[in-house]
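Student: how would this look folded up:
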Amino acid sequence: MLTWLSVLAVLFQAHAAPSHETQATPERAVPAPSDSVRVVELFTSQGCPLCPSANQLLAEFGAEENVIALAWGVNYWDAYGWTDQFAMPEFVDRQKAYVEVGEAMRVYTPHFVLNGAPEQLRFDPDRISAAFNASPPIRAARIEETGTGALTLALTGERATPAEIWIVQYEPGVQTRQIESGRNAGLRMTHFNMVRAVEKLADWNGGEASYVLPDTADGLDAVVLVQDGPGGRLLSAAKLP
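Tutor: Okay, here's the model as predicted:
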């Protein structure tokens, strides 16, 4: 596992910051670094005393090859005196969807989800690291480029129930914020790959389909997640070029 300082060095040296369902004719596939990925999601809060350590652990996971790491800000700790600067209602809804499938008893922070499989209660870095190392990868989503330069998601296969297609835009790399009040008052808190927007692009009912992907906002990166219904396992995922 990489150290926190080495993660920061890699991120600051190497990262450069920087469209609903329609039919499109792809001309070529966008080259992908791998045919499989692992997706790590973290539900975190600026008011949570354990979340600084969890943010660090997410950054270590995200520094590994073929890993998509996403941090979702949630607002459960706002009642203790600090309004989370990254939290949005849609992010809370996503965590609640994982809880509603029955694998986690309630919403809490910090909460890790590996490839759409939520961890149980209690933050234990060693146990979560072991689960991450043992987690099998999922298929990388197929991203193609049309003759007009638009990016599309190409899907094929049979589905008994609809799968959801999500576009997640996040602020890549390390972000720091000074926490002025609440349980982490006085802490300059480090964050990693904080999600800034999420959009459900479409439901996929199986068969062959192509979906035009939206443009990514300036300064953000984006990933596409194909998920087995609300709070379900991830079927495929990819970073957008």
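
Student: for the chain, which residues score under the pLDDT cut-off?
Tutor: Filtered on pLDDT under 70, the chain yields the residue ranges 1-33, 103, 121.

Student: how about the strands of the protein, start to end?
Tutor: Assigned strands in the chain, in chain order: 26-29, 36-44, 67-73, 111-114, 117-118, 138-140, 142-146, 151-155, 163-178, 188-204, 209-212, 221-227, 234-239 (criterion: DSSP state E).

Student: reformat those as JSON lines; add distance to residue 51 and mean neighbour count.
Tutor: All C-beta atoms are positioned from the backbone trio N, CA, C, and that covers glycine. As requested, those are exported to JSON lines (distance: least, CB to CB, whole Å; neighbours: other CB atoms under 10 Å):
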{"stretch": "strand 26-29", "distance to residue 51": "38", "mean neighbour count": "12"}
{"stretch": "strand 36-44", "distance to residue 51": "5", "mean neighbour count": "24"}
{"stretch": "strand 67-73", "distance to residue 51": "9", "mean neighbour count": "23"}
{"stretch": "strand 111-114", "distance to residue 51": "10", "mean neighbour count": "23"}
{"stretch": "strand 117-118", "distance to residue 51": "16", "mean neighbour count": "18"}
{"stretch": "strand 138-140", "distance to residue 51": "26", "mean neighbour count": "18"}
{"stretch": "strand 142-146", "distance to residue 51": "32", "mean neighbour count": "18"}
{"stretch": "strand 151-155", "distance to residue 51": "32", "mean neighbour count": "21"}
{"stretch": "strand 163-178", "distance to residue 51": "12", "mean neighbour count": "18"}
{"stretch": "strand 188-204", "distance to residue 51": "8", "mean neighbour count": "19"}
{"stretch": "strand 209-212", "distance to residue 51": "34", "mean neighbour count": "19"}
{"stretch": "strand 221-227", "distance to residue 51": "22", "mean neighbour count": "22"}
{"stretch": "strand 234-239", "distance to residue 51": "23", "mean neighbour count": "22"}
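
Student: for the ones you listed, which one sits closest to residue 52?
Tutor: With CB to CB as the measure, strand 188-204 is the member of the strands of the chain nearest residue 52 (5.9 Å).

Student: picking up where we left off before, figure out which of the strands of the chain is closest to residue 127.
Tutor: With CB to CB as the criterion, residue 127 lies closest to strand 111-114 of the strands of the chain, at 9.8 Å.

Student: against which helices or strands is that closest one packed?
Tutor: strand 36-44, helix 125-134 (3 or more CB pairs under 8 Å, 6 or more residues apart in numbering; DSSP states H and E).

Student: name every strand pairing with that strand and say which way it goes.
Tutor: With DSSP bridges as the test, strand 111-114 is paired with strand 36-44 (antiparallel), strand 117-118 (antiparallel).

Student: now tabulate the helices and strands packed on strand 111-114 in JSON lines and tack on distance to residue 73.
Tutor: Converted to JSON lines, the helices and strands packed on strand 111-114 look like this (distance: least, CB to CB, whole Å):
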{"stretch": "strand 36-44", "distance to residue 73": "6"}
{"stretch": "helix 125-134", "distance to residue 73": "19"}
